[in-house]
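Undergrad: Sequence first, predicted coordinates after that:
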Amino acid sequence: MKPLGPIPPGFETIDGELAVGGRTTTVLVEEAGGTPLFVYSGELIRRRVAGLRAAMPAQLKIHYAVKANPYRPILELMRNLADGFDIASGGELDMVLAAGQDPLLTSFAGPGKRDEELALAIAHGVTLNLESEAEARRALDVAHRLGSTPRLAIRVNPDFELRGSGMKMGGGAKPFGLDQERVPALAREVIAAGAEWRGLHIFTGSQALDATAIAETQGNVLDLAARLTGEIGAPLPHLNMGGGLGIPYFHGDRPVDLAVVGEALSERFAALPAELGETEFAIELGRYLVGEAGVYLTRIVDRKESHGQTFLVTDGGLHHQLAASGNFGTVVRRNYPAAIATKFAAEPEEEASIVGCLCTPLDRLADQALLPRAETGDLVAVFCAGAYGASASPAAFLGQGPAREMLV
């Protein structure tokens, strides 16, 4: 038996069945027209943002990282909850503009920006987080052709990383950002060229659960930003401090202690160096804001036995939930939180593996898990599905197509 991850708090039970937003999964599936289906709870997202604001210093801005979940109703919701959006492609810029987001409250990071993406961002007044000297010069050239003043920041590759992060984005050789010792010269160059200087973006890692490590890294980010600002010789208007806050996916994981992070950051903000006296501060979060608010529902279409093991075969799978299958950067596959949604209150009584409909042994949503006995027609719920699910999975694989989505 392999343990399941912890089910996030906030979900309901109605007549023994999992419910979201006051409606059972059976009702939600009927409303959506079938399975597979992603359901996102607007109330859980609102609670998460409110809890974060309560724990963090009042002057800290909260930005939403669109890559976590670009579903338009979520973008429209987050537009009213977050202070800004962070995007990573021209396609995401199109999405946030369609959702009514103010482009002046949007920043664009990511290596390999095409000239047409630079032009789109500059034309709309989006802040470009520059990833290299060459990208900076291309942006200046594009802006000159457009007759526009570009809003430019520099993404920094620091010489430290976020300890315990699931995905390290800083420290050592990286395709992301400019090595910190080269930042001042480039900043002075873009300022001299007439660009609107927008500051620094220092993103060190993501999916960390250790509050002490997060607080330590935020302190390092502030120290580095102050030092670079002094070397640049111009005020720092904005500092994107990155993200890093993770969510519990696996057995034994514990939520980030927000109080520890918030108290440490408040202490640092109370004693800022003169170099950061005019700076606006923001953190960039995606998964932490929406990840636990989503659930993936898929229906069991077959129950079969093989060599003494039970397999619950569903109409969903890794083509919608690549991360839950263990194929999105996981070194050792472990079970996400999952349940039999239509028997949510029932006691577990058998060991079974939940597998998808794809013709590959990689398509497993839960491996040898202890579950209530489930039959054909029952609904399976995979939790922590609000981030890096529908848009981060190969929906076209084997011609399966996308899942339905709904915000409730």
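TA: Arrived safely. Numbering: from 1, shown residues only.
Undergrad: Run through the helices of the stretch 1-150 of the chain in chain order.
TA: For the stretch 1-150 of the chain, the helices defined by DSSP state H, counting those that start in this stretch occupy 25-32, 42-55, 72-81, 90-98, 115-124, 133-146.
Undergrad: tell me which residues of the second one are tucked away?
TA: Taking 16 or more other Cβ atoms under 10 Å as the neighbour-count basis, helix 42-55 is seen to contain the buried residues 42, 44-45, 48-49, 52, 55. In short, each C-beta sits where N, CA and C put it, glycine included.
Undergrad: I'd like the mean pLDDT over that helix, please.
TA: Averaging pLDDT along helix 42-55 yields 98.
Undergrad: Specify the angle between that helix and helix 72-81 in degrees.
TA: Following axes from the mean of the first three to the mean of the last three Cα atoms, to 10 degrees, one obtains 30 degrees for the angle between helix 42-55 and helix 72-81.
Undergrad: let's number from 21 now, not from 1
TA: I'll keep to 21 as the first residue from here, and by that count the last item is helix 62-75.
Undergrad: what does helix 62-75 contact?
TA: 28, 30, 41, 82, 94, 97-98, 101-102, 278-279, 281-282, 305, 308-310, 312-313, 406, 427-428 (Cβ atoms under 8 Å, 6 or more residues apart in numbering).
Undergrad: give me that answer again for 7 Å
TA: With Cβ atoms under 7 Å, 6 or more residues apart in numbering as the test, helix 62-75 has contacts from 30, 41, 82, 97, 101, 278-279, 282, 309-310, 312-313, 427-428.
Undergrad: and if you look at the shortest one?
TA: Among residues not part of helix 45-52, those counted as contacts by Cβ under 7 Å, 6+ apart are 37-40, 55, 57, 59, 317, 361-362, 399, 401, 424, 426.
Undergrad: switch the cut-off to 10 Å
TA: Contacts with helix 45-52, where a contact means Cβ atoms under 10 Å, 6 or more residues apart in numbering, come from 34-35, 37-41, 43-44, 55-59, 315, 317-319, 359, 361-362, 364, 398-401, 423-426, 428.
Undergrad: what do you get for the last one?
TA: Identification of contacts with helix 153-166 by Cβ under 10 Å, 6+ apart yields 131-143, 148-150, 152, 168-172, 174-175, 198, 202, 205-207, 209-210, 213-215.
Undergrad: pLDDT score for residue 348?
TA: 85.
Undergrad: That one contacts residue 342, correct?
TA: Yes. Here residue 348 reaches residue 342: they are 4.6 Å apart, a contact under Cβ atoms under 10 Å.
Undergrad: follow-up on the earlier one: export the buried residues of helix 62-75 to JSON lines and tack on distance to residue 226?
TA: Putting the buried residues of helix 62-75 into JSON lines (distance: Cβ to Cβ, whole Å) gives the following:
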{"residue": "62", "distance to residue 226": "24"}
{"residue": "64", "distance to residue 226": "20"}
{"residue": "65", "distance to residue 226": "18"}
{"residue": "68", "distance to residue 226": "16"}
{"residue": "69", "distance to residue 226": "18"}
{"residue": "72", "distance to residue 226": "16"}
{"residue": "75", "distance to residue 226": "19"}
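Undergrad: So in terms of bridging, what pairs with residue 149?
TA: residue 173 (DSSP bridges).
Undergrad: tell me the contacts of it?
TA: Residue 149 touches 106-108, 127-130, 133, 155, 172-176, 196-197, 218-221, 223, 260, counting by Cβ under 10 Å, 6+ apart.
Undergrad: Tell me how far it lies from residue 283.
TA: 29 Å (Cβ to Cβ, to the nearest Å).
Undergrad: one step back: just the buried residues of the contacts of helix 153-166.
TA: The buried subset of the contacts of helix 153-166 (16+ other Cβ under 10 Å) comprises 133, 137-142, 148-150, 152, 170-172, 174-175, 198, 206-207, 210, 213, 215.
Undergrad: Cool, thanks, signing off.
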